[in-house]
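In: show me the folded form of this:
(one chain, ligands or ions: 1)
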Amino acid sequence: MTGKFITLEGVEGAGKTTCLKHVEKRIKEAGIDLCVTREPGGTGIGEKIREILLDRGNFEILDETELLLMFAARAQHLNELIRPTLAADTWVLCDRFTDATYAYQGGGREIAHERIAELEQWVLQGLKPDLTFLLDLPAEVGLERAGQRSSPDRFESENIAFMERIRSSYLDIARQEPDRVKIIDSSQALENVLLQIDEVLDDLLIVMYLQANESD
Ligand code: T5A
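Out: Got it, this is the predicted structure:
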């Protein structure tokens, strides 16, 4: 038995940080052991890579370097934290994961899907999240929200067309994998966003509860 792997995704300012805290609370209230982490980052080395990636001063980073750094941080994260945690039957809740690479480096930077898929196969070897919340809203709304909260990082400094390509890539993934990726309309008021999340989470927690009682 391994823990469940849950991820949150979305364009800039979609509300991931806000919603992550809610999902964390709900899972812990259900008595489940949970590890909360993020990408890029989640380990000492990963957080150093994150600093390079988000630093607005690093404007000379090549798209290829950006892609490889995302997977370098992810390789470390998987081996140091994610895989051992899941193997210990603890759930993992991760703020962004490989879908973000397809959306940002694939959609945003327009790197070929096949190139990303090669790296995914090498680094992940088939591991996928069990459930992904895709917080969806128009790119300009997300950027406006993110801008009100803090000064822009290297990704938030990109233009609307870049953000729209990211949104569209995310929606493509959701259309291809509807069982795993649940679209949450995060343009709504926060309480409605959390209600949509609860609906999805309730289904998962009920199944887990029934399975646990069956095996007793
Ligand atoms: N990246 C990451 C890649 O390019 N490739 C990859 O493979 C990976 C893993 C990481 C960056 O790295 C890129 C993507 C990112 O640019 P990040 O910190 O994960 O950075 O991503 P950000 O999108 O920058 O996260 P943010 O913290 O900026 O945005 P959130 O978490 O989506 O938004 P949040 O919760 O902080 O909310 C933003 C503001 O909106 C308000 C909040 O109060 C806050 O002020 N808000 C709402 N307002 C009204 N109605 C609602 N429903 C609201 N929900 C939130």
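
In: as a check, name the ranges of all helices in the protein.
Out: 16-29, 44-54, 63-77, 83-87, 98-101, 113-124, 139-149, 160-176, 190-214 (DSSP state H).

In: can you tell me what sits against the lowest-mean-pLDDT helix or strand in the chain?
Out: Least confident helix or strand, the chain: helix 139-149 with a mean of 86, by mean pLDDT, DSSP states H and E. Around helix 139-149, the neighbours that count as contacts under C-beta atoms under 8 Å, 6 or more residues apart in numbering are 10-15, 152, 156, 160, 163-164, 166-167, 187. Where you see a C-beta, it was placed from the backbone N, CA and C, and this is true even at glycine.

In: 7 Å - rerun?
Out: Defining contact as C-beta atoms under 7 Å, 6 or more residues apart in numbering, one finds that helix 139-149 is touched by 11-14, 156, 160, 163-164, 167, 187.

In: before we move on, what about stretch 194-212?
Out: In this structure, residues lying in contact with stretch 194-212 by C-beta under 7 Å, 6+ apart are 19, 22-23, 26, 30, 131, 133, 182, 184-185.

In: cool, and stretch 42-55?
Out: Counting contacts by C-beta under 7 Å, 6+ apart, the residues touching stretch 42-55 from outside are 40-41, 58, 66, 69, 72-73, 76-77, 80-81, 153-154.

In: now the buried members of these.
Out: A residue is treated as buried here by neighbour count (16 or more other C-beta atoms under 10 Å); on that basis the buried members of the contacts of stretch 42-55 are 40-41, 66, 69, 72-73, 76-77, 81, 154.
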